[in-house]
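S.K.: Dropping a prediction and its sequence here:
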Amino acid sequence: METILIVDDEKNYPFVLSAVLEEEGYNTITASNGVEALEKIKAHDIDLVLTDIKMPGMDGMALMSHIKAHNPDIPIIIMTAHGTVERGEEAVKKGAHSYIFKPFQNEQLILSVKIALNMYQVIRQNKRLQNELQSRYHFGNLIGKSKNMQEIFKTIQKVAPTNASILIEGESGTGKELVAKSIHFNSSRRDAPFVAVNCSALAENLLESELFGHEKGAFTGASTLKKGRFEISENGTLFLDEIGELSMNLQVKLLRVLQERSFERVGGIHPHPLDARLITATNKTLSHEMKEGRFREDLFYRLNVVHFSLPPLRNRYEDIPLLAVHFLEKYTKENKTKHPVTKIDQDVLRLFYEHEWPGNIRELENVIERAVILSNNDTIKTSDLPGDLRGKHEKTFNPDDISIQTSLPETLALIEKNLIERALSRANYVQANAAKSLGIKKSLLHYKIKTYQISIGSKN
């Protein structure tokens, strides 16, 4: 239950506001002046401050300045009379979440409070995720709290100290090279080179020379001796990405290297011992390629001593906030933007959950990098997202679409219904969790679901 501090020197206002907000399920604390309010903040865990702007002694502006100096994330709503609109706008510029005019309708107050608390919840969630990133949900640069990622972390811990060959399968952008690097840097070979080769990036004759090296004069243009990647990775790890693209000729040569634990440079006759761990990766299913005759069965079993199958991002949605916060921190540090971007709007996270992510983690990383560069404030908004993501947002509920003929109570009811539907969707239709995110009691949520005839969907 969120706690709201109400600060006003008028005797009746705190009492009335407390009654309204407690009816909505909030806990309230009152103070009659700024000094008393600061003492209450020290003594209680406050989620929102609702303060009058005109008070004797320390006014609302001075109070806000003190609060922001020590608790910058706490949202503050300024209450102001119509004659002090300018001061309300000034307060927002200096850090207030919003301001409302006295006298105001209860519905207007409740809506303002809900919006501010929802924003505060996102801020706290981001900070919690940042802490989690530093603890149990990462393995090197790999990040994830989903069950399948936790299993991958456990397997890495088991196989890293060994010399077993590793095969990593997964769609493009799922982090196959990160897994390979995690294995290398958690092994006894960590101080030796980690050498990566993309087998699909070079023609067959160039790839052979790249892997095995060549002797001087081995072919036209071979004016000097060249060491290959097998030789360069001595005592370390050789990572062959897109292994499924190897020609049958190179598959035979690679199999021979693995069997004999030695190789010869192109144009050479002297064998060189192989002392490198081999990790391979592919976005294909090699067992299928093998059955279709495009990949050698004997090579497959040589490579597939330990197998990793990386899940696409669409199958690990619980990891999206962790990954998003990780990339937010990374690109905020790398890009010197006018406004340091430290937060992600709740609507953005909702859209992330709805997106299919065909480009997987790499696509999410690109989206965050772009948003950090384009954002005009400290929070990534839906307007900072690419068109395919932003378009989904534009099709959602928009209060501006409501007819001007609609009465205020009807308008507020539409907005409240939309907020409830969104909360239910984010909570996977677990009503207790949705009620908590909205800051209301479960019984009240159940009543409003019936009142608005909201479909409660189905849990995944």
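M.R.: Received, thanks.
S.K.: Determine which residue lies closest to the centroid of the chain.
M.R.: Closest to where the C-alpha atoms of the chain average out (Cα atoms, centre = their mean) is A324, at 2.0 Å.
S.K.: any idea how far that residue is from R390?
M.R.: Per Cβ to Cβ, to the nearest Å, A324 is found 16 Å from R390. All C-beta spots, glycine's among them, are computed from the backbone N, C-alpha and C.
S.K.: Now that the residue nearest to the centre of the chain has come up, it's in contact with E365, right?
M.R.: No - assessed by Cβ atoms under 8 Å, A324 is found out of contact with E365, at 9.3 Å.
S.K.: Let me know the secondary structure of the residue nearest to the centre of the chain.
M.R.: When classified by DSSP: H, G, I helix; E, B strand; the rest coil, A324 comes out as helix.
S.K.: from now on call the first residue 10
M.R.: Let's use 10 as the start, then, which means that last one is A333.
S.K.: Kindly report the domain assignment for this protein.
M.R.: 12-140, 171-319, 323-403, 408-461 (automatic domain parsing).
S.K.: Compare those domains and report which one is nearest to K163.
M.R.: Closest approach to K163 among those (Cβ to Cβ): domain 171-319, 11.6 Å.
S.K.: Show the average pLDDT along that closest one.
M.R.: Domain 171-319 shows a mean pLDDT of 93.
S.K.: roughly how far out does it sit from the chain middle?
M.R.: Domain 171-319 sits 33 Å away from the centroid of its parent chain (Cα atoms, centre = their mean, to the nearest Å).
S.K.: what's the first-to-last distance across it?
M.R.: Distance between the two ends of domain 171-319: 21 Å, counting by Cα to Cα, to the nearest Å.
S.K.: Stretch 386-396 too?
M.R.: The first and final residues of stretch 386-396 sit 20 Å from each other (Cα to Cα).
S.K.: The domains of the chain into JSON lines, with extra columns for distance to I161?
M.R.: Converted to JSON lines, the domains of the chain look like this (distance: least, Cβ to Cβ, whole Å):
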{"stretch": "domain 12-140", "distance to I161": "20"}
{"stretch": "domain 171-319", "distance to I161": "6"}
{"stretch": "domain 323-403", "distance to I161": "10"}
{"stretch": "domain 408-461", "distance to I161": "24"}
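S.K.: out of these, nearest to G153?
M.R.: domain 323-403 (4.3 Å).
S.K.: The closest one - what's its average pLDDT?
M.R.: The average pLDDT within domain 323-403 is 85.
S.K.: Got phi/psi on T294?
M.R.: When read as degrees, to the nearest 10, the backbone of T294 gives phi -100, psi 100.
S.K.: I misspoke; the intended subject was T246.
M.R.: Backbone dihedrals for T246, given as degrees, to the nearest 10, come out at phi -130, psi 130.
S.K.: Could you double-check that it sits in contact with A285?
M.R.: Yes - in this structure, T246 is within contact of A285 by Cβ under 8 Å, at 6.4 Å.
S.K.: Of all the domains of the chain, which one is nearest I165?
M.R.: When those are compared by Cβ to Cβ, domain 171-319 sits nearest I165, at 5.4 Å.
S.K.: With adjacent residues omitted, what lies nearest to R399?
M.R.: In this structure, R399 finds its nearest non-sequential neighbour in T391, 5.6 Å apart by Cβ to Cβ, 6 or more residues apart in numbering.
S.K.: whoops, I465 was the one
M.R.: Nearest residue to I465 in three dimensions, chain neighbours excluded: Y438, at 5.3 Å (Cβ to Cβ, 6+ apart).
S.K.: Okay, and that neighbour sits in which element?
M.R.: Applying DSSP states H and E as the criterion places Y438 outside every helix and strand.
S.K.: Neighbours of N36, how many?
M.R.: 15 (other Cβ atoms under 10 Å).
S.K.: List phi and psi for it.
M.R.: As for N36, its main-chain torsions (degrees, to the nearest 10) stand at phi -90, psi 140.
S.K.: who does it bridge with?
M.R.: For N36, the beta-bridge assignment (DSSP bridges) gives partners T12.
S.K.: just the one 4 residues further on next, same as before
M.R.: Beta-bridge pairing for A40 (DSSP bridges): V16.
S.K.: From what I see, the residue nearest to I465 and S464 are in contact.
M.R.: No - the pair Y438 / S464 is not scored as a contact, 9.1 Å apart, by Cβ under 8 Å.
S.K.: Can you report how many residues lie near the residue nearest to I465?
M.R.: Around Y438 there are 16 residues (other Cβ under 10 Å).
S.K.: L120 is in contact with L423, isn't it?
M.R.: No - using Cβ under 8 Å as the test, L120 is too far from L423 to be in contact (11.5 Å).
S.K.: before we move on, back to that, residues contacting the residue nearest to the centre of the chain?
M.R.: Neighbouring residues of A333 by Cβ atoms under 8 Å, 6 or more residues apart in numbering: 353, 358, 361, 373, 377.
S.K.: Repeat that for S197.
M.R.: Counting by Cβ under 8 Å, 6+ apart, S197 touches P170.
S.K.: quick revisit: tally of neighbours for the residue nearest to R399?
M.R.: 18.
S.K.: about what we covered before: buried ones from the contacts of A333, can you make that a ChimeraX selection?
M.R.: In ChimeraX, this line selects whichever of these come out buried by 16 or more other Cβ atoms under 10 Å:
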select :353,358,361,373,377
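S.K.: The stretch 10-159 of the chain: helices as residue ranges?
M.R.: With DSSP state H, counting those that start in this stretch as the criterion, the stretch 10-159 of the chain has helices at 21-32, 43-52, 69-79, 94-102, 115-142, 156-168.
S.K.: the inter-axis angle of the shortest one versus helix 69-79?
M.R.: When you say that, I think you mean helix 94-102. On the basis of axes from the mean of the first three to the mean of the last three Cα atoms, to 10 degrees, helix 94-102 is oriented at 0 degrees to helix 69-79.
S.K.: Tell me the buried residues in helix 94-102?
M.R.: 96-97, 100.
S.K.: and K163, how many neighbours?
M.R.: Neighbours of K163 using other Cβ under 10 Å come to 11.
S.K.: Next one, pLDDT for it please.
M.R.: Note for K163: predicted pLDDT of 92.
S.K.: Would you format the contacts of A333 as JSON lines with distance to H455 and secondary structure included?
M.R.: Shown next, in JSON lines, are the contacts of A333 (distance: Cβ to Cβ, whole Å; DSSP: H, G, I helix; E, B strand; the rest coil):
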{"residue": "I353", "distance to H455": "30", "secondary structure": "strand"}
{"residue": "L358", "distance to H455": "25", "secondary structure": "helix"}
{"residue": "F361", "distance to H455": "29", "secondary structure": "helix"}
{"residue": "L373", "distance to H455": "35", "secondary structure": "helix"}
{"residue": "I377", "distance to H455": "37", "secondary structure": "helix"}
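S.K.: mind putting the contacts of A333 in TSV, distance to E32 included?
M.R.: Below are the contacts of A333 laid out as TSV (distance: Cβ to Cβ, whole Å):
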residue	distance to E32
I353	32
L358	29
F361	34
L373	41
I377	40
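S.K.: which one of the contacts of A333 sits closest to I252?
M.R.: Ranked by distance to I252 (Cβ to Cβ), those are led by L373 at 25.3 Å.
S.K.: Touching, the closest one and W366? I think so.
M.R.: Yes - at 6.3 Å, L373 and W366 qualify as touching, with contact defined as Cβ under 8 Å.
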